[in-house]
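S.K.: Predicted model and sequence follow; I will ask about them next.
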Amino acid sequence: MEDLQSLARLVESGMRLALPVDYAGVSMAMVHPLIERGISDLDVVCVPTGGLQVDMLVGAGVVRSVETSAISLGEAGGAPCFNRAVKEGSILVRDATCPAIHTGLLAAQKGVPFMPMRGLIGSDVLRYRQDWKTIDNPFAEASDPIVLIPAIRPDVAIFHVPMADRHGNVWIGRRRELAAMAYASAVTLVTAERIVDKKLLSDEVTATGTLPSLYVTAVAQVTRGAWPYGLWGEYSADTQELMRYAREARTAQGFSAYMAGFGEAA
């Protein structure tokens, strides 16, 4: 097992970073170590949407681009740092859709350069994504356009789970987007609420929801590592804390003040 700083040292400037949707196990514990590492120009891929973690990294100035189908704080409203960065033009936003992001990850998992998908023809999203290509279905007798989504191959995936075992296997339950991230990424960094002695793959109850250590680079134990987000089966989201962040981060000064004390109330 590693510590947070050891995990953060595996992330370098200019890397493509995959981060999960807010309900799937966000490693909020990794935010400060990444910022303190002094990295920059991260290209973030949200799987498939982003929230507080992405907003904090954007606010800290370590993000160059974001590929996502949405960024928000849910009930707490819009993501203030992200919205401010978009208005200022300080980050590049690659608009996507949830299926498109999952399709790109699937292509990477299968080791192919692209995967076809429908549902984008005629949309403004497609019009502004020059890296998505429309071709005519070569197997159709009549014209049948289809979109090709290039493989999404993150350098690093980061997420949080309820438990891992001492062999490096991690339990993701039904959160299959976490598996998709790990399969597609060169490096997978995981924080876990607890480390258990039993081998998760040897237990019929946990085996089907376990991501094998083959796809996991390093694990660090962090209690309440998703806070103020919740973690399935463990604890609920701290909605009041999310709302406090949304209020304070409306200005750059407020964001800096919030981040100075972030984590102390966890």
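M.R.: Nice, I can see it.
S.K.: Buried ones in stretch 1-16, by neighbour count?
M.R.: 2, 4, 7-8, 10-11, 15-16 (16 or more other C-beta atoms under 10 Å). Placement of C-beta: from N, CA and C, glycine included.
S.K.: One more: stretch 55-73?
M.R.: Applying 16+ other C-beta under 10 Å to stretch 55-73 flags 55-60, 62-64, 66-69, 71-73 as buried.
S.K.: closest to residue 35 among these?
M.R.: Lowest distance from residue 35 to the buried residues of stretch 55-73 (C-beta to C-beta) belongs to residue 60, with 4.5 Å.
S.K.: Nearest residue to the closest one in space, please, no chain neighbours.
M.R.: residue 35 (4.5 Å; C-beta to C-beta, 6 or more residues apart in numbering).
S.K.: pLDDT wise, what is that neighbour at?
M.R.: pLDDT, residue 35: 97.
S.K.: quick one: contacts for it?
M.R.: 56-57, 60, 62, 259 (C-beta atoms under 8 Å, 6 or more residues apart in numbering).
S.K.: and it, helix, strand or coil?
M.R.: What DSSP: H, G, I helix; E, B strand; the rest coil gives for residue 35 is helix.
S.K.: Toward the C-terminus, what is the element adjacent to the one helix or strand residue 7 maps to?
M.R.: Following DSSP states H and E, one finds residue 7 within helix 4-8. Remark: after helix 4-8, the chain's next helix or strand is strand 16-20, criterion DSSP H and E.
S.K.: Show me which parts of stretch 95-102 are buried, residue by residue.
M.R.: Buried residues in stretch 95-102 (16+ other C-beta under 10 Å): 95-98, 100-102.
S.K.: Ok, stretch 201-215 next?
M.R.: Quick answer for stretch 201-215 (16+ other C-beta under 10 Å): 201, 206, 209-211, 213, 215.
S.K.: correct me, but residue 98 touches residue 46?
M.R.: No - using C-beta atoms under 8 Å as the test, residue 98 is too far from residue 46 to be in contact (9.6 Å).
S.K.: Tell me where the stretch 151-266 of the chain has helices.
M.R.: Per DSSP state H, counting those that start in this stretch, the stretch 151-266 of the chain carries helices over the ranges 176-184, 204-207, 239-248, 252-260.
S.K.: quick one: the last one to helix 239-248, angle?
M.R.: Translated: helix 252-260. 150 degrees (axes from the mean of the first three to the mean of the last three C-alpha atoms, to 10 degrees).
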